[in-house]
Structures are given as structure tokens and as C-alpha cells.
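**Student:** 3D, please:
(chains A and B)
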Amino acid sequence: MNLFAEIRALVVDALGQMAAEGSLPAGLDLTPVAVEPPRDPAHGDMATNAAMVLAKPAGLQPRVIAEALASKLSADPRISLAEVAGPGFLNLRLALPVWQRVVTDALQAGGTYGKSALGQGQRVNVEFVSANPTGPMHVGHVRGAVVGDALSNLLAFAGWDVTREYYINDGGAQVDVLARSAYERYREANGLEPEIREGLYPGDYLIPVGEALKAKYGTRLLDQPEAVWLQDVRSFATELMMEEIKSDLRLLGVEMDVFSSEKALYGTGEIEAAIETLRGMDLIYEGVLEPPKGKEPDDWEPRVQTLFRSTAHGDDVDRPVKKSDGSWTYFAPDIAYHYNKVRRGFYALIDIFGADHGGYVKRMKAAVSALSGGKVPLDIKLIQLVKLYKNGEPFKMSKRAGTFVTLHDVVEEAGADVTRFIMLTRKNDVALDFDFAKVLEQSKDNPVFYVQYANARINSVLRKAREAGIACDDATLAGVDLSGMTHEAEIALARKIAEWPRLVEIAARGNEPHRVAFYLYELASELHGLWNRGNYDPSLRFFQTGNAATSAAKIALARAAGVVIGNGLGILGVTPVEEMR
RNA sequence: GGUCCCGUAGCUCAGUUGGAUAGAGCAGCCGCCUUCUAAGCGGCAUGUCGAGGGUUCGAAUCCUUCCGGGACCGCCA
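**Tutor:** Okay, the predicted model is just below:
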């Protein structure tokens, strides 16, 4: 299915023959042998570095190995040309039937084209969003949500068993602030003047929470000391906030598998157990930290605290797990939570954090490393911020949240599909500009439109063909004779289609869903290019008036591209459009 | 001061995990656009890959030292 893997197997096989014949030493390590698309298409369809990486261990000149390998490979019907180039590259040109078969394969596989067994069904946990339940989600959360969800889709497509998980930070002081803020709105709902003091959440979104509190408690909580109502109001408000967050996530098309609560860890002994486990490894001790160099806080005073020896697992300084009043720091329950994930048997963990949590990465990795005995890898993706614009002007919109633009606002303005796609048009660790005007523009400058338009064009061809009585279901197209598909522009599209399974693996290996978006852009570009050539070379049009057989072959190619676009957009969580309006 | 991220064409960014002469889109320049496969098409030009050093057959990519920008740095989460 993966053409590159197939040709690599062919190369490995040929090397094996050479070893058997004595032209190559036996027992060479072939893992560094790669078969890749050459950077310059003029060099051929694929290139292998086999001769170069084997030269030293074999004690032979690269070109000697390459020549011998070339003559072996030339014997295979799939290879039309094998030539040695540069320092010892072996450039391969593949025979036309190979590319024709790519189209057939894609059509036969349909929604599974490009799926990989890379993950071998192993369980991987992707923790993302994890927004504090103190208000509606804002733009800052959107990108993390989209990246996490698309990454989950990608890993599932690549053969992993993925759990999407949200960690609810409902255990710290910020939810007390939420409760106090909601209480003021509750007083407001009862006709009193709210006192939104400094440090409380001022957003309008708490007004309905106040109303709901009034509906539930009437006037009973008025003029009561905080100790009486804090707990109830807190859990009531966080629950409502979580409902709102879940509904926001649905707007974006994100569905979590598991919600884990920080608060729920308290009182279960899980935190204590995690810390004791670390203590058993001599990784917990009472000690005094050095003040940070060059930036000593004014109120710095040496303090004895309970510390995690994270330096033993690659961190720069040890980290406190208890505050001076003896309560846990935020880090402690997070250690317990990650320990919990480790114990649930995940093969690998992934956290999607905001870039402002960068300072947290090493200690979290240290904790997971210690608690899993180095067995469970933790990959942390930091998501850079999104800058909003409209027609190039910085964009501010705050209907109800106070100072920030909410996820709801963004999706309402741009739509979930556009939002998701654009959020994936940058690598996670670089800042992203999001211009509401540009992302909705119907032009080539807009990658979402460009990819969707390619899909719409394919569908337009299919419609036209059906009207002309040509059977266009995938099964029929998969059986079409493609021997007439020989034009270089058509092969170029097939070549791009053949890259898809390889791209999925590369993207999954690096936990990099943005690669899918870039690939789709390139694929769309190939399709548009071929389509445009049809403008002045009618023989390249997908639909050939009055020639059903030729049309079917060309339509098979177009539809194969459509299959890949569908699968790719599926990973991004974007709905393919059938028609542009 | 330390840690992490970023630095690639005028601009916005990719760069297949170490491969060949570093790519794309904008903007720029030159043509085309009575074609219905519309929401433009084709072509041209563009580089100190922040700088120096190192590793090796080979570096934008790995190591190191600087420079510039950002984030973070014990009782916030």
C-alpha cells in the first residue's frame, strides 16, 4: 500500500541477493537504507541512499555498490530506470503501470487509503485543551483543541488506539475565585449590587450562573458567610462551566473520551501514593531551593519545602510539591494524574500545552520518566498563540467575556471547518495569524478554499459524468483500465497520491498534524494544475465528451485524488465540500 | 542569570527527522484571459538558511559559542 515501503523492500531484497552472491558482505545493518522522493523531481521518482550508507561498513566504494544494485533493480518490472548519481545516490524511475496501480489502490482502499499499522494498536493518550473551568473557552484554547483533536485523528489513522483526554483543573484557588465571582452574580440576580472586586472574574458569562444559583437556592445563601456557600457554589459553577466548555468543544467538532478531574484526586490518596512512590525512589526530600539567578524576587526567603528531585531525570532544578502551608502545589496532583495515566497502561503519553507552560515541560517529563521507570514516553507539544485580525487590523470582539475573544465568537464568525483548517496551517510552535477576512476569502491565497475547491471540482466532474451515463462509483472506477494514463501531468498527480501513506507515517511519527494540511495543499495544487492544463489541452480534461472509456480512466485519477482529500480532511476534522457556493 | 521555543526570498511560511543545484504562496516584473473546467492562467526573478566553530562522504537539519525576538523561572494554575 505504501509505495515507498514497497520499493524499499525491493531494494532490501536486492541487497540480500548481492550478499548471497558475495558482492556484498553478509550481515550488514540495513536499517539506515532509505527510499525517499528526491528533492528534485528531475532526479527521478525515488532515490535510495543504500550505496552511501553501506559503503563504509561494506568497505566498498559507494558507486561500486550502487552500480551492482542498479543492475539488480533494473530487472524488476516496476523499475524502468535505475541510475547512479551524485556521491552515490541511486535514482529510480518507476514504470507507468506502477502509477496506474496507485490510482486503483486508492480507489479500492477508499477511506482506508493511507492507513498505517505504525501504531500496532498500542494505546496512546492525548491530553489537550484542559482549560480551567472558570469561563468560556477563548481563542487561545481553540488552537490547542484543534491540534489535539487532529493529532488524535492522525494517530488513530496511523494505527494507534487513541484516548482523548481533558484534565479539569478544578482543584485550585482559581475555582474558589470562580465561586466568589458567581456568588456576586447570584446577589445581583437577587436585586443586590454585585461587588466585582479586584481579582474576581468580571465577565458577563457569569450572569446566567447567578440566575441559575437563584433558581436553585432562592435567597437562602444571601448574607451568609463564605464558609456556608463556597463549596456548593463552587461545584455548581464549575459544573455549569464544564457544560459550556463541552458545548464549545462540540461546536468545534471535538469529542473527548475522558474527562479527568483534579479535584477528584484529592481525598483518594492518589496524590499521596504518587508522592510516596517517588519517595521510595529517593526522589522526594525536604530541602531549600536556591533563588533563581539574576531575577531574585523581592520577598525571597530561604524556605524548607518538600521537593521532587526532578534533576535526577533531566530537569534543571528540583521542584516543590508542597506549599509552605503544607498543601499541595499544582504540580503534585499533576504528578498523580500523570501517574494515573501511566498506570492505566498507555504505551505513550502526549500533552498539548499552551506555550506559556514551557517552563513546566522538563519537570513533567521527569515525573513521568521516574514513575514509569523510563518506559512511557511523554511528548509535550507547546502551542503558540494565535493573533486575530480582520482585514489586517488587530481584531477585538468581546460580547460577553470581558477582554477576550471566545471560541464561540471565532466559530460563529469563521465556521468550524475553516477555523480548524487554518489552525493547522502552521507548525504548533510558531505563532499563527488568523485573519477573519482572509480565511473566508474565495481565492487561491486561502488554503482552505484552495483545497475545498479541488474537492468541489472533482465532484463536479463526477456529477457531469453521471449525467452522461458513466458509472462513477469507486468500485467501478477501481476496475477501469488505466493503461492510457501516461501523460506526465497525470503521473505527477498519481505520484502525489502515492505519497499519502508515507506522509501519514511521517506526520504520525512526529506528532505533527500540520503536515497533513500542507500536503493537502500540495495535492490540491497538482489537481488544479492538471485541471488548468485542460483549459488549453482538451485531451487532459477529466471529462471527455463522447468518450466514456477515456473519461472513466481520467475520472478514476481525479476521484483517487478525491479519496485522499477526503481522508486528509477527515484527519483534520474538516468536512469536504461537494460544491462551492 | 537560567531553561525552552523561534530566526530560511521584500512579506507569510514549508522543508519528508542527515541527502544532490534549499521550496511554496503572496507581493514584484513580462505575457495571456470573446476558452464556461467560474471564483484567473502561464512565465521570469528572488537567498550569508541569524553569525562563527565542530561532527562526516554530505548539515537549514546534529553538537558548541555568540547575536536578535518571545515564553517561562519557589507558597498561580
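**Student:** Not counting sequence-adjacent ones, nearest residue to the residue of the stretch 101-250 of chain A found nearest RNA strand B?
**Tutor:** Nearest residue of the stretch 101-250 of chain A to RNA strand B: residue A:172, at 2.4 Å (Cβ to the nearest atom of the strand). C-beta: built from backbone N, CA, C; applies to glycine. The spatial neighbour of residue A:172 that comes closest, neighbours along the chain excluded (Cβ to Cβ, 6 or more residues apart in numbering), is residue A:330 at 6.1 Å.
**Student:** Can you give me the distance of that neighbour to RNA strand B?
**Tutor:** Residue A:330 is 3 Å from RNA strand B, where distance means Cβ to the nearest atom of the strand, to the nearest Å.
**Student:** Surely that residue is in contact with residue A:167?
**Tutor:** No. Look at residue A:330 against residue A:167 with Cβ atoms under 8 Å: they stay out of range, at 11.3 Å.
**Student:** between those two, which one's more packed in?
**Tutor:** Neighbour totals were compared for residue A:330 and residue A:167, and residue A:167 leads with 21 against 16 (other Cβ atoms under 10 Å).
**Student:** so what's that one closest to, chain neighbours aside?
**Tutor:** residue A:130 (4.3 Å).
**Student:** before we move on, what about residue A:111?
**Tutor:** Excluding the flanking residues, the one nearest residue A:111 by Cβ to Cβ, 6+ apart is residue A:567, at 6.3 Å.
**Student:** and that neighbour, how many neighbours does it have?
**Tutor:** 23.
**Student:** Which of the helices or strands spans residue A:444?
**Tutor:** Using DSSP states H and E, residue A:444 is not contained in any helix or strand.
**Student:** The nearest residue to it once chain neighbours are set aside and residue A:229, how far apart?
**Tutor:** Leaving aside its chain neighbours, residue A:444 sits nearest to residue A:450 (5.7 Å; criterion: Cβ to Cβ, 6+ apart). Using Cβ to Cβ, to the nearest Å, residue A:450 is found at 55 Å from residue A:229.
**Student:** Between those two, point out the one with more neighbours.
**Tutor:** residue A:229 (21 against 18).
**Student:** contacting residues around the more buried one?
**Tutor:** Applying Cβ atoms under 8 Å, 6 or more residues apart in numbering to residue A:229 gives the contacts A:179, A:183, A:221.
**Student:** Helices - which of those land there?
**Tutor:** Among the contacts of residue A:229, the members falling in helices (DSSP state H) are A:179, A:183.
**Student:** Of the contacts of residue A:229, which is the most crowded?
**Tutor:** residue A:183 (26 neighbours).
**Student:** I'd assumed residue A:224 was in contact with that one.
**Tutor:** No. Applying Cβ under 8 Å, one finds residue A:183 not in contact with residue A:224, separated by 9.5 Å.
**Student:** got the residues of the stretch 151-300 of chain A near RNA strand B?
**Tutor:** Residues of the stretch 151-300 of chain A lying close to RNA strand B (Cβ under 7 Å from any atom of the strand) are A:169, A:171-174, A:262, A:288-289, A:291-295, A:297, A:299-300.
**Student:** residues in contact with stretch A:15-33?
**Tutor:** A:8, A:11-12, A:48-50, A:53-54, A:57-60, A:65, A:68-69, A:72.
**Student:** From the residues you listed, pick the one nearest RNA strand B.
**Tutor:** Once Cβ to the nearest atom of the strand is applied, the member of these that ends up nearest RNA strand B is residue A:49, at 4.2 Å.
**Student:** Next, the closest one: phi, psi?
**Tutor:** Per-residue torsions, residue A:49: phi -100, psi 10 (degrees, to the nearest 10).
**Student:** Over to residue A:329?
**Tutor:** When read as degrees, to the nearest 10, the backbone of residue A:329 gives phi -80, psi 170.
**Student:** Number of residues surrounding it?
**Tutor:** There are 17 residues near residue A:329, going by other Cβ under 10 Å.
**Student:** Quick check: pLDDT value at it.
**Tutor:** At residue A:329, the model reports a pLDDT of 92.
**Student:** Where does the prediction get shaky in the stretch 401-550 of chain A?
**Tutor:** Scanning the stretch 401-550 of chain A for pLDDT under 70 picks out the ranges A:401-403.
**Student:** That one against RNA strand B: which residues are in contact?
**Tutor:** Proximity of the stretch 401-550 of chain A to RNA strand B (Cβ under 7 Å from any atom of the strand) is limited to residues A:426-427, A:429-433, A:442-445, A:453, A:456-457, A:460-461, A:499, A:502, A:506, A:509-510, A:512, A:514-515, A:518, A:525, A:528-529, A:531-536, A:541-544.
**Student:** Which residues are in contact with residue A:133?
**Tutor:** Counted by Cβ under 8 Å, 6+ apart, residue A:133 has contacts A:168-170, A:175, A:178, A:238, A:241-242, A:245.
**Student:** Mind doing that once more with 10 Å?
**Tutor:** If you count contacts by Cβ atoms under 10 Å, 6 or more residues apart in numbering, residue A:133 has them with A:166, A:168-170, A:174-175, A:178, A:237-245, A:261-263.
**Student:** Which ones among these map onto helices?
**Tutor:** Reading helices off these with DSSP H, I get A:174-175, A:178, A:237-245.
**Student:** looking at it, residue A:483 is touching residue A:95, isn't it?
**Tutor:** No. Contact criterion Cβ atoms under 10 Å: residue A:483 and residue A:95 do not qualify, at 11.7 Å.
**Student:** lowest average confidence, helix or strand, in chain A?
**Tutor:** Across the helices and strands of chain A, mean pLDDT, DSSP states H and E gives its lowest value to strand A:393-394, namely a mean of 80.
**Student:** That strand near RNA strand B anywhere?
**Tutor:** No. Between strand A:393-394 and RNA strand B, judged by Cβ under 7 Å from any atom of the strand, nothing touches; the nearest distance is 14.4 Å.
**Student:** For that strand, which strands pair with it and how are they oriented?
**Tutor:** Using DSSP bridges, the strands paired with strand A:393-394 are strand A:386-390 (antiparallel).
**Student:** which ones are touching residue A:486?
**Tutor:** For residue A:486, the contact set (Cβ under 10 Å, 6+ apart) comprises A:96, A:99-100.
**Student:** if we can go back for a sec, Provide the backbone phi and psi angles at the residue nearest to residue A:444.
**Tutor:** Phi and psi for residue A:450, reported as degrees, to the nearest 10, are phi -60, psi -40.
**Student:** Of the contacts of residue A:133, select the buried ones using a ChimeraX command.
**Tutor:** Remark: buried members of the contacts of residue A:133, expressed as a ChimeraX selection using 16 or more other Cβ atoms under 10 Å:
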select /A:166,168,169,170,174,175,178,237,238,240,241,242,244,245,261,262,263
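**Student:** What distance do you get for the closest residue to residue A:136 other than its chain neighbours to residue A:248?
**Tutor:** Once flanking residues are discounted, residue A:136 sits nearest to residue A:406: 4.9 Å by Cβ to Cβ, 6+ apart. Look at residue A:406 and residue A:248: by Cβ to Cβ, they are 8 Å apart.
**Student:** Cheers, nothing more for now.
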